[in-house]
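[1] give the three-dimensional model of this entry:
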Amino acid sequence: MKYLHLLVCLILLVTSCKNEPEVTTVTPTMSASQAVTYADGFTITKYENYTLLEVTEAFPNADKTFTYALVPEGGLQASIEEENSKSLTELLTNRGVDAIIKTPIKNVVVTSTTHIPSLEMLGVIETLKGFPNLDYVSSPLSRKRIENNLITELGQNESLNTELAINLNPDAVITFGVEGENKSVNTLQRAGIPVLYNGDWVEKEPLGKAEWIKFFGALYGKEKEADSIFTNIKNQYLATKKQLASVTSSPTILSGAMYKDVWYLPKGDSWQAKVLEDAGGSYLWADTEGVGSIALSIESVLEKGQQADFWIASGQYTSYSKLLSDNPAYGQFDAFKNKKVYTFAKSKGATGGLLYYELAPNRPDLVLRDLTKILHPELITEDFTFFSPLDE
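    Below you'll find the predicted structure:
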């Protein structure tokens, strides 16, 4: 009876192991290439068999964290037996992940021009198969691919052509989050296409926005490359800040312009306001709370900003004459009278897309250098990248 009991236990043990294959995981470990130091909106946690990419702030005041499991193809995952692989999928599904993506991804659809520089810097722009409103793309490299019909037009962000997107069969669609129901996202997900939210636009710190290249690095298995690129951007940014440490003057700054009857300018917590401060400027609306833009009357802006030393980022305007013809009140600002107005609207792609909107959030080091050249020209000898003085 003793041996019979041992035999039954052995059979039960073998049966149990067969029915519930073990998926080996380890305690999350972070390496330098996975560390996220400036960005608040995402984290990367590496396990033995997969990586969790969590987007904690897809849009302002988001109350949901979006979790994506990145499972390497051809690496650890290839050595897992088929039955065990199914168990891994079940494990991740039970943990409530929003999507499981095999990495490195080989083709992708993105929906914001701010995503394109990351693909180019990582050397994977050839994987971009679709984009909404291609005219907004300004990069010469990507425009060449568009001209060669290598990137498909997908309509507008607000009404993405989901049928075309599904036909492209992308490994992932990268979108930006907005609060509320998104019908396009739901349609793509029902078709079995992973949709990932990228919240780079929510970041408040300039270097926080740039660090989202690590989001793409994780998807392409290029974590080390992404970390190296970001480190270079960070070092350039901090080097310019160090140059500014000896500056004693702090010129006052006005920003924005009228759209119809409303003047829009950056709020005090926005990255645009932060980089103006880092450039040694005194942005007159730095005390306003929140990110994005604040809407004001021209009378309100005149009252506070009429004597500002500089007017930086004057909307779509590229000349003083156009400013004055559109609204004579623009001529009342001291920055206008003293020819101290600077614009990013001259740097355009072949079809009118503005380089600033596409590249600036990814390269705050270049933005800071431009602004330092404007406010403290004795410190910078390099040419402007984004900004330039208005034409007459």
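[2] what about residue 294, which helix or strand?
    Following DSSP states H and E, one finds residue 294 within strand 293-296.
[3] that strand: partners in the sheet, and parallel or antiparallel?
    According to DSSP bridges, strand 293-296 forms sheet pairs with strand 262-266 (antiparallel).
[4] from what I can see residue 230 touches residue 211, true?
    Yes: using CB atoms under 8 Å, residue 230 makes contact with residue 211 at a distance of 5.5 Å. For glycine as for every other residue, the C-beta is placed from the backbone atoms N, C-alpha and C.
[5] residue 348 bridge partners, please.
    Note on residue 348: beta-bridge partners by DSSP bridges are residue 354.
[6] that one: how many residues sit nearby?
    Look at residue 348: counted by other CB atoms under 10 Å, it has 14 neighbours.
[7] next one: residue 305
    By other CB under 10 Å, 22 other residues sit near residue 305.
[8] cool, the one 3 residues further on as well?
    Other residues lying near residue 308 total 23 when counted by other CB under 10 Å.
[9] buried set for the strand holding residue 294?
    Using 16 or more other CB atoms under 10 Å as the burial criterion, the residues of strand 293-296 that qualify are 293, 294, 296.
[10] repeat that for stretch 339-348.
    Residues of stretch 339-348 classed as buried by neighbour count (16+ other CB under 10 Å): 340, 341, 342, 343, 344, 345, 346, 347.
[11] now do the contacts for the closest residue to the first one other than its chain neighbours.
    Meaning residue 340. Computed as CB to CB, 6 or more residues apart in numbering, the closest residue to residue 340 that is not its neighbour in sequence is residue 310, at 4.9 Å. Neighbour list for residue 310: 251, 252, 253, 254, 281, 335, 340, 341, 342, 374, 375 [criterion: CB atoms under 8 Å, 6 or more residues apart in numbering].
[12] the longest strand belonging to the chain pairs with which strands?
    Longest strand of the chain, by residue count under DSSP state E: strand 66-72. As defined by DSSP bridges, the strand partners of strand 66-72 come to strand 51-55 (antiparallel), strand 99-103 (parallel).
[13] what residue ranges in the protein score low on pLDDT?
    1-34, 74-95, 178-181 (pLDDT under 70).
[14] what about 50?
    In the predicted model, the chain carries pLDDT under 50 at residues 1-26, 32-33, 75-83.
[15] return the set of buried residues in the biggest helix by length in it.
    What stands out as the longest helix in the chain, according to DSSP state H, is helix 223-243. By neighbour count on 16+ other CB under 10 Å, the buried set for helix 223-243 is 223, 225, 226, 227, 229, 230, 233, 234, 236, 237, 240, 243.
[16] quick one on the thing from earlier: which residues does the residue nearest to residue 340 bridge with?
    Judged by DSSP bridges, the bridge partners of residue 310 are residue 253.
[17] how near is it to residue 65?
    Residue 310 sits 40 Å away from residue 65, going by CB to CB, to the nearest Å.
[18] likewise residue 177?
    Using CB to CB, residue 177 is found at 12 Å from residue 65.
[19] phi first, then psi, for residue 185.
    Phi and psi for residue 185, reported as degrees, to the nearest 10, are phi -60, psi -40.
[20] pull out the buried residues from the one helix or strand residue 258 maps to.
    Taking DSSP H and E as the definition, residue 258 sits inside strand 257-259. Residues 257, 258 are the ones in strand 257-259 that count as buried (16+ other CB under 10 Å).
[21] list the strands paired with that strand, with their directions.
    Applying DSSP bridges, strand 257-259 is found paired with strand 262-266 (antiparallel).
[22] quick one: contacts of the strand it pairs with?
    Applying CB under 8 Å, 6+ apart, the contact partners of strand 262-266 are 254-257, 272-273, 283, 285, 292-298, 300-301, 315.
[23] my read: residue 135 touches residue 348, true?
    No: with contact defined as CB under 8 Å, residue 135 does not count as touching residue 348 (10.7 Å).
[24] report how many residues lie close to residue 114.
    If we define neighbours as other CB under 10 Å, then residue 114 has 20 of them.
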